[in-house]
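Asker: sequence and predicted model, in that order:
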2 protein chains.
Amino acid sequence: MTIGIGLLGLGTVGAGVAQILASPQGRHPLVAELALRRVAVRDLQRPRPIDLDSALLTTDPEAVIDDPAVEIVVEVMGGLEPARSLILRAIAAGKPVVTANKAVIARYGEEIAAAAAQRGVYVLIEAAVGGGIPIIEPLKQSLGANRIQRVSGIINGTTNYILSRMADEGAAYGEVLADAQRLGYAEADPAADVQGGDAADKIAILAALAYGGSVPRQAIPTNGIDRLDARDVAYAEQLGYGVKLLAVAEQVGLAADGAAELDVSVNPTLVPRAHPLAGVNGVNNAILVEGDPVGRVMFYGPGAGAGPTASAVVADILNIAGIRQVSGVTSQGQPAPLDPLLAAGSWRPCRLVDPAQTRHRNYVRLRTTDQAGVIGRIGTCFGDAGVSLQSIVQFQAQGGDGGQAEIVVITHEVSEAAFRTAMAAIEALPVVDHVAACLRTL
Amino acid sequence: MTIGIGLLGLGTVGAGVAQILASPQGRHPLVAELALRRVAVRDLQRPRPIDLDSALLTTDPEAVIDDPAVEIVVEVMGGLEPARSLILRAIAAGKPVVTANKAVIARYGEEIAAAAAQRGVYVLIEAAVGGGIPIIEPLKQSLGANRIQRVSGIINGTTNYILSRMADEGAAYGEVLADAQRLGYAEADPAADVQGGDAADKIAILAALAYGGSVPRQAIPTNGIDRLDARDVAYAEQLGYGVKLLAVAEQVGLAADGAAELDVSVNPTLVPRAHPLAGVNGVNNAILVEGDPVGRVMFYGPGAGAGPTASAVVADILNIAGIRQVSGVTSQGQPAPLDPLLAAGSWRPCRLVDPAQTRHRNYVRLRTTDQAGVIGRIGTCFGDAGVSLQSIVQFQAQGGDGGQAEIVVITHEVSEAAFRTAMAAIEALPVVDHVAACLRTL
């Protein structure tokens, strides 16, 4: 029973998908039943890494969706529009969708899910987060018995590559970024990666699956690595931590109406060396899920690239093809019932809590006058605000720091409100020149 | 729509499952639809960690299966019989089965799968390998696009705990084992764990899923950690390796008839410190899957314990409950079609290759006469057999080693046949007292 596949986009990932479909031998036998029927490309003449029958190609993506031979639509073109409209068009046509588009799902996931549920089709998104790492499917189908406490991930390969090199080489951010761009690990416009937006898209998606409800993407507090100083990476190292761009979604409460209250954010974060996420280096990604009763499980692997991402896209196609064999007996004309795990509909509201009410450990680097009593005055400001400290260390002034000292503070877990009160008082101290850095700590 | 669950066994895992079913709030909403209908126990009077209506309990497991209110049978009693017969009885009654029983699945998986396929019911086994780590479902449903090259895992928590402590404390195997038994990390009869049989059961299961065909469990070459000397752990450490009990299934060829030719084994193995599996310590498990085009993905977490294992069991129950909603429209009386991914039937034969034809890196420790020229003679034996070496190191003789030396050799990847030829020649050298240890190296 052949299943017709329509591909929207034939870039790196699209070509990777076509490659798998063209070489089924040694893969799951269902792969051999998938047949590429139509492929939308931007430019018919452009040279491609894969040899496809030119009769399959079209510059009209709607023609792909509308082609009666296309039974599953695979959106790997990226970007918000026309991707969103095309996904909705496929759903309206009753065709299941597989997409790798985290930006669309993070922003329009609710709209798309509602349309899909109404029409009775699946929209599967394994490739949207973590590249080839199976994480969407496990969250939907393997961890449902748990109360999820926290999902924390290194889910942007570009920034993890940059941070790994900054740590290994003691190099400056700008220097490593430029090199990463030369090597193809960072885009010419790196904003979405280095400012944390890509990680925020992905944690919005993971949180929605882990907690059963849509999370407002635009409200996620997001800090990138673009202002990270190599000095903080070096100090963190000396204190026993690595610096990672962590995306975290944590349930901090349960509202009276049954809504999950979540603290979701993206921040450069000090990770203790013994933590499972600390060893995740280079372009690899990892997602740690903490739940009751499972404890801590981690998923690790290549977070991007043609092969890994195509592996995830084809997995989703296979899942749709597999479940079709079960629901194939449905009477024609009416929407098929969906497997509630695979369809992953919302089952409760989720709300982000006021950031001021969240609790975290913090890392602060202060540039101060180099004189006796400074540490005492800073410690007093923290104490007055009820912020208890794990450590306060004065680092040796570096060349060119004449007359100034650097003081690094790591707090215990404290409320963000109390921390901000303390920081305002500290900034007002005459001996404090400025707050040079403020990061999270696990 | 309530779904009736029958439990065979109310030990640690069974009680964990009952606990989850009794407290659905905050878990996937499908959990609330699962109702425990009947529980088979060995002794009605025994005190239990969970308060259950005594009317649910019976000492007759067949009564649980035959109870019309029981729609899904959960086998968590362990052992080969009566577990195998009860699983087959449930299948014959058309009831899907969830089991955590790796010993039964590793030995009778083919028989059980055939019966299940014929009757059109699922037998799900997520809890059989890796405790709470989702690994069965990802292999079945998320990695099907790949040609799997290798699956390697730390899949026995007891031995990993013992090895971690041997490495940390430089302690002897027997000493740590005794302590692990006191602390409840090792059984009173530790044979299945420390001799590698439990890991062999599990790698047989993983290999069958990864390569699409049953693997003869009894033919898997299996070496445990029960003869491991603390000295080798210490030498490995000095050479940049950790020692782990690795279960590995690797595809080494493709037979003319389409059968996958596999090298499957369990061995104490030196793992380079930078390898993702090297950091997996204590009772944690991890499974590394290497495939084309996904690359390397790793699954990490607690490999045993009531909570994690129950999380996996309930995940399987949820999957059956979820897919029932799709296939619920089937006409009564005839077997429902199965989702081929979830059902995971065989799709090609798998064969173990002759161990002599496999290729590995090896670690060898020799006790020799402490005299000039020994290293040369040993090196010559390896060279004559075509075994190329990565390193050959003489370690300082320890107290009581009067007149003897210890020589540690690490080979490059070589054929087992050539390695055995070299070792026979080396054992015959007059300067070699004996071969003190022989381990694998990644």
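Answerer: Okay, I see it.

Asker: shaky segments in chain A?
Answerer: A:328-335, A:397-402 (pLDDT under 70).

Asker: okay, now the domains of it?
Answerer: Split into domains by automatic domain parsing, chain A comes to A:3-134+A:306-346, A:141-302, A:358-441.

Asker: how close does the residue nearest to the spatial centre of chain A get to residue A:139?
Answerer: Averaging the C-alpha coordinates of chain A gives a centre point, and the residue nearest to it by C-alpha atoms, centre = their mean is residue A:202 (3.0 Å). Counting by C-beta to C-beta, to the nearest Å, the gap between residue A:202 and residue A:139 amounts to 12 Å. (C-beta placed from N, C-alpha, C; glycine too.)

Asker: got the residue ranges for the helices in the stretch 251-400 of chain A?
Answerer: In the stretch 251-400 of chain A, the helices defined using DSSP state H, counting those that start in this stretch lie at A:306-327, A:340-343, A:374-384.

Asker: and residue A:248, which of the three is it?
Answerer: Look at residue A:248: counting by DSSP: H, G, I helix; E, B strand; the rest coil, its state is strand.

Asker: what separates it from chain B, distance-wise?
Answerer: Distance from residue A:248 to chain B, counting by C-beta to the nearest C-beta, to the nearest Å: 18 Å.

Asker: need the contact list for that residue.
Answerer: Contacts of residue A:248 were listed using C-beta atoms under 8 Å, 6 or more residues apart in numbering or on different chains, and they are A:150-153, A:203, A:263-267, A:269.

Asker: cool, and residue A:31?
Answerer: If you count contacts by C-beta under 8 Å, 6+ apart, then residue A:31 has A:20-21, A:24, A:314, A:318, B:144-145 around it.

Asker: neighbour-wise, which of these leads?
Answerer: With neighbours taken as other C-beta atoms under 10 Å in any protein chain shown, the top of the contacts of residue A:31 is residue A:314, carrying 32 neighbours.

Asker: hmm, it is touching residue B:145, no?
Answerer: Yes: using C-beta atoms under 8 Å as the test, residue A:314 is close enough to residue B:145 to be in contact (3.4 Å).

Asker: what touches both of these two?
Answerer: When contacts are counted by C-beta under 8 Å, 6+ apart, the set common to residue A:314 and residue B:145 consists of A:20, A:31.

Asker: picking that back up, and residue B:420, which of the domains of chain A is closest to it?
Answerer: Between residue B:420 and these, the shortest separation by C-beta to C-beta is 30.6 Å, and it involves domain A:3-134+A:306-346.

Asker: now the end-to-end length of that closest one.
Answerer: When the termini of domain A:3-134+A:306-346 are compared using C-alpha to C-alpha, to the nearest Å, they are 29 Å apart.

Asker: do the same with stretch A:8-15
Answerer: Using C-alpha to C-alpha, the end-to-end distance of stretch A:8-15 comes to 11 Å.

Asker: now do the buried residues in that stretch.
Answerer: A:8-10, A:13-15 (16 or more other C-beta atoms under 10 Å in any protein chain shown).

Asker: ok, residue A:298 to chain B distance?
Answerer: From residue A:298 over to chain B (counting by C-beta to the nearest C-beta), the distance is 4 Å.

Asker: the closest residue to that residue other than its chain neighbours and residue A:212, how far apart?
Answerer: Nearest residue to residue A:298, sequence neighbours excluded (C-beta to C-beta, 6 or more residues apart in numbering or on different chains): residue B:300, at 4.2 Å. Distance of residue B:300 to residue A:212, given as C-beta to C-beta: 24 Å.

Asker: what of residue A:316?
Answerer: In this structure, residue A:316 lies at 20 Å from residue A:212, with C-beta to C-beta as the measure.

Asker: also residue A:420?
Answerer: Applying C-beta to C-beta, the value for residue A:420 to residue A:212 is 31 Å.

Asker: who's more crowded, the two?
Answerer: For residue A:420 versus residue A:212, neighbours defined as other C-beta under 10 Å are more numerous around residue A:212 (21 against 14).

Asker: dump the residue contacts of the nearest residue to that one once chain neighbours are set aside.
Answerer: In space, residue A:212 comes closest to residue A:347 once its chain neighbours are excluded; the distance is 4.2 Å by C-beta to C-beta, 6+ apart. By C-beta under 8 Å, 6+ apart, the contact list for residue A:347 reads A:212-213, B:28-29.

Asker: related to what we said a few turns ago, any chance of the contacts of residue A:31 in TSV with distance to residue B:356 and secondary structure as columns?
Answerer: Supplementary listing: these in TSV, determined by distance: C-beta to C-beta, whole Å; DSSP: H, G, I helix; E, B strand; the rest coil:
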residue	distance to residue B:356	secondary structure
A:20	35	helix
A:21	39	helix
A:24	33	coil
A:314	37	helix
A:318	37	helix
B:144	33	coil
B:145	34	coil
